[in-house]
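In: Below are the sequence and a predicted model; questions follow.
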Amino acid sequence: MKNLRFFEKIVFFFNSIAAFLLLLSYILPLLPPKTFASFSVLSLGVPILIVINALFLLYWLVKIKKQLLLSLVVLVVGYLSFGSLYKFSESNSNIPEEAISVMNYNVRLFNLYQWIPEKGIESKIEEFIKKEAPDVLLMQEYHPHKNVDLSFFKYKFEKLSGNKTKYGQAIFSQYPIINSGSVEFPNTSNNAIYADVVKGKDTLRFYNIHLQSLRIDPNLEKLTEDDAQRLFKGVGNTFKRQQFQAELFRLHKNKSPYKTVVGSDLNNTAFSYAYKEIKDNLVDNFKAAGNGFGRTYHFKFFPIRIDFILTDPEFTVNSFKTYDVLYSDHYPIMSKISLSNKED
């Protein structure tokens, strides 16, 4: 510090704060929000904290100063703990014929209330799904829209609520569904549903999870005072509910007799307690075969990944794709998976 100029000391001061916050965020998945609610908001900001620390590292690298070690060490710890924020995966051209394509998509009621000021969004979503032709489709914020025909799927299970407008979650499948149900979350329209699907000689359980939402406008310039208060004062309560919901799901999943595939809108990042609880020993398909930042939510200022496809370790993740189509406030994701050493 003695060899630093006054401006560099100021830079290092803010660098220290950013490094501390990022380091603190690394332990958040281990801290139940019910006990440490005030820290929970940091899990949403981890991507931007990583970028900020990378910029500080670059600054000190240009200056050839040993202060670069601060952000370097914190970034390395994060990489070893969570992997890279940006993924590079080789494309697999040898996807086996028996692979199952699984799409997860929060369709936001098929734009029922014209959040996107464009006509025919619901038809574009239908056309997109038909074109990509997933074997299994998991949808959050689903609504049986009169202009949307998904009858090309042979089987479906939907769990809806609401009086005038029915909405909820749905699982569509090209393979027979022999059993289905819901993991009810108390005092909310959010829940987790499941369907047991028969593929060849295998019965697989598909879960579709939608955790509690923060209900914050993704355009920060439109953030009202009430939104800000909800974000910083109410986020703890929301994350407490997410913790309870994630724990309910995990209890149910642990009793499942079948290999499991999970599609989800967790309304939280991969740096959160809820993600850790739900992922457990499952494989995050984006980390296994994805590319880029894996952005799944339309947030203007930095990429945020809150939608996930998770699978039992027995599955091979052959490919993973995030689609850049803005027909909702979420982007669809699709994974192609197959059972290791599968015998037809």
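Out: Everything's here; your move.

In: is it true that Phe271 touches Leu31?
Out: No. Using C-beta atoms under 8 Å, Phe271 is not in contact with Leu31; the gap is 11.5 Å. (Glycine included, C-beta is placed from N, CA and C.)

In: higher neighbour count, the two?
Out: Phe271 (26 against 15; other C-beta atoms under 10 Å).

In: ok, and the closest non-adjacent residue to the more buried one?
Out: Counting by C-beta to C-beta, 6 or more residues apart in numbering, Val46 is the residue found nearest to Phe271 once chain neighbours are left out, at 4.3 Å.

In: Ramachandran coordinates for that neighbour?
Out: phi -60, psi -50 (degrees, to the nearest 10).

In: tally of neighbours for it?
Out: 22.

In: Equivalent analysis for Ser40, please.
Out: Ser40: 25 neighbours (other C-beta under 10 Å).

In: Unless I misread the structure, it falls within a helix.
Out: Yes. Ser40: assigned to a helix according to DSSP: H, G, I helix; E, B strand; the rest coil.

In: Apart from its neighbours in sequence, what residue is nearest it?
Out: Nearest one to Ser40, counting by C-beta to C-beta, 6+ apart, is Phe239 at 4.0 Å.

In: Over to Thr296?
Out: Asp307 is the one closest to Thr296 (C-beta to C-beta, 6+ apart), at 3.8 Å.

In: which other residues reach stretch 81-92?
Out: 26, 47, 50, 270-271, 286-294, 318-320 (C-beta atoms under 8 Å, 6 or more residues apart in numbering).

In: any weak-confidence spans in the stretch 201-344 of the chain?
Out: Within the stretch 201-344 of the chain, the stretches with pLDDT under 70 are 215-233, 341-344.

In: Start from the N-terminal end of this protein and give the strands.
Out: 100-106, 136-142, 155-161, 167-173, 177-184, 191-199, 202-210, 259-265, 283-284, 307-311, 315-322, 333-339 (DSSP state E).

In: closest one to Phe128 among those?
Out: strand 100-106 (8.9 Å; C-beta to C-beta).

In: Setting aside sequence neighbours, what's the nearest residue to Phe36?
Out: Nearest to Phe36 is Leu28, by C-beta to C-beta, 6+ apart, at 7.7 Å.

In: any idea how far that neighbour is from Tyr275?
Out: As judged by C-beta to C-beta, to the nearest Å, Leu28 and Tyr275 stand 10 Å apart.

In: so the residue nearest to Phe271 touches Phe302, yeah?
Out: No. Checked against C-beta under 8 Å, the pair Val46 and Phe302 is beyond contact range at 10.2 Å.

In: In stretch 74-93, which of the residues would be classed as buried?
Out: Under the neighbour-count criterion of 16 or more other C-beta atoms under 10 Å, stretch 74-93 has Val74, Leu75, Gly78, Phe82, Leu85, Lys87 buried.

In: Identify the residues contacting Phe110.
Out: Ile121, Glu122, Ile125, His143, His145, Asn147, Val148.

In: how does it look with 6 Å?
Out: Phe110 sits next to Glu122, Ile125, His143, His145, Val148 when contact means C-beta atoms under 6 Å, 6 or more residues apart in numbering.

In: picking up where we left off before, Glu314 versus the residue nearest to Phe271, what's the distance?
Out: 30 Å.

In: How about Lys321?
Out: 22 Å.

In: Tell me which of these two has more neighbours.
Out: Taking neighbours as other C-beta under 10 Å, Lys321 and Glu314 compare with Lys321 leading, 20 against 14.

In: Go ahead and confirm the more buried one touches Pro332.
Out: No. Lys321 is beyond contact range of Pro332, at 8.8 Å (criterion: C-beta atoms under 6 Å).

In: Show the pLDDT at Lys34.
Out: We have a pLDDT of 85 for Lys34.

In: Quick check: it touching Arg241?
Out: No. Between Lys34 and Arg241 there is no contact under C-beta under 6 Å: 9.8 Å.

In: neighbour-wise, which of the two wins?
Out: Neighbours were counted for Lys34 and for Arg241 using other C-beta under 10 Å; Arg241 has more, 21 against 15.

In: Could you chop this structure up by domain?
Out: Using automatic domain parsing, the domain parsing of the chain gives 6-82, 100-339.

In: Make TSV out of those and add distance to Asn92.
Out: As requested, the domains of the chain are exported to TSV (distance: least, C-beta to C-beta, whole Å):
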stretch	distance to Asn92
domain 6-82	24
domain 100-339	5
